[in-house]
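can't give you the sequence, but here's the structure:
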């Protein structure tokens, strides 16, 4: 019985740490919009306090993805290549998520499409429409040591269920981008 207060205190401390971490992450700006035809373009931005090269490495190297996503990661950054990350200990494991790279402008743009969702992830809404949806990450140096990361999701047509896929990304990407900012933040030296 005496263990309950200890567990409650530990839970409160953990919740407080999570809330403080989210407060210390920069804000995510949502500039999503609908086209004249009603299609949704998801567009979200965050400013990272790192040089462009560090942001590019976080997106395109196994070490960068692993640091940020807290998962195993593999990359082959070229048109036709891939980004793969997940719980699997080897590339190709069905527990991993695999993105096919469609376009690359080194240090500036990466365009990819979900090729294989993780077998451990909840199912995507209207997964049969995933081939119509493409993601773009644009990186721009805005000052020494500062990079704007713009994440866009396109292909969400008003005429079918693919808009639900974009709603899924629109809801989840801010947390994902804040995690990126926190992972790239240099550790604070103790006093």
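Noted; the coordinates are in hand. These figures come from a predicted structure and were not determined experimentally.

can you tell me which residues contact residue 141?
The contact partners of residue 141, by Cβ atoms under 8 Å, 6 or more residues apart in numbering, come to 51, 52, 147. (Glycine included, C-beta is placed from N, CA and C.)

low pLDDT regions in this protein?
1-23, 188-189 (pLDDT under 70).

Mark which of the contacts of residue 141 are part of strands, please.
residue 147 (DSSP state E).

Would you mind giving the contacts of residue 141 as TSV with neighbour count and distance to residue 115 added?
Converted to TSV, these look like this (neighbours: other Cβ atoms under 10 Å; distance: Cβ to Cβ, whole Å):
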residue	neighbour count	distance to residue 115
51	15	30
52	20	27
147	23	27
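
got a markdown table for the contacts of residue 141, with distance to residue 85 too?
Listed next are the contacts of residue 141 as a markdown table, based on distance: Cβ to Cβ, whole Å:
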| residue | distance to residue 85 |
| --- | --- |
| 51 | 23 |
| 52 | 22 |
| 147 | 21 |
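
unless I'm mixing things up, residue 38 is touching residue 158, no?
Yes. Using Cβ atoms under 8 Å, residue 38 is in contact with residue 158, at 3.3 Å.

what residues does stretch 118-138 touch?
By Cβ under 8 Å, 6+ apart, stretch 118-138 touches 59, 86-87, 94-97, 99, 102, 108-114, 117, 148-157, 160-162, 164-169.

Counting neighbours, which bits of it end up buried?
118, 124, 126, 129, 130, 133, 134, 135, 136, 137, 138 (16 or more other Cβ atoms under 10 Å).

now stretch 102-111
Within stretch 102-111, judged by 16+ other Cβ under 10 Å, the buried ones are 104, 107, 110, 111.

Just the closest of those to residue 64, please.
Taking Cβ to Cβ as the measure, residue 64 lies nearest residue 110 of the buried residues of stretch 102-111, at 12.0 Å.

residues contacting the closest one?
Contacts of residue 110 (Cβ under 8 Å, 6+ apart): 59, 60, 77, 101, 103, 104, 136, 137.

Listing partners with orientation, what would you give for the strand or helix carrying it?
Taking DSSP states H and E as the definition, residue 110 sits inside strand 109-116. Using DSSP bridges, the strands paired with strand 109-116 are strand 96-105 (antiparallel), strand 134-143 (antiparallel).
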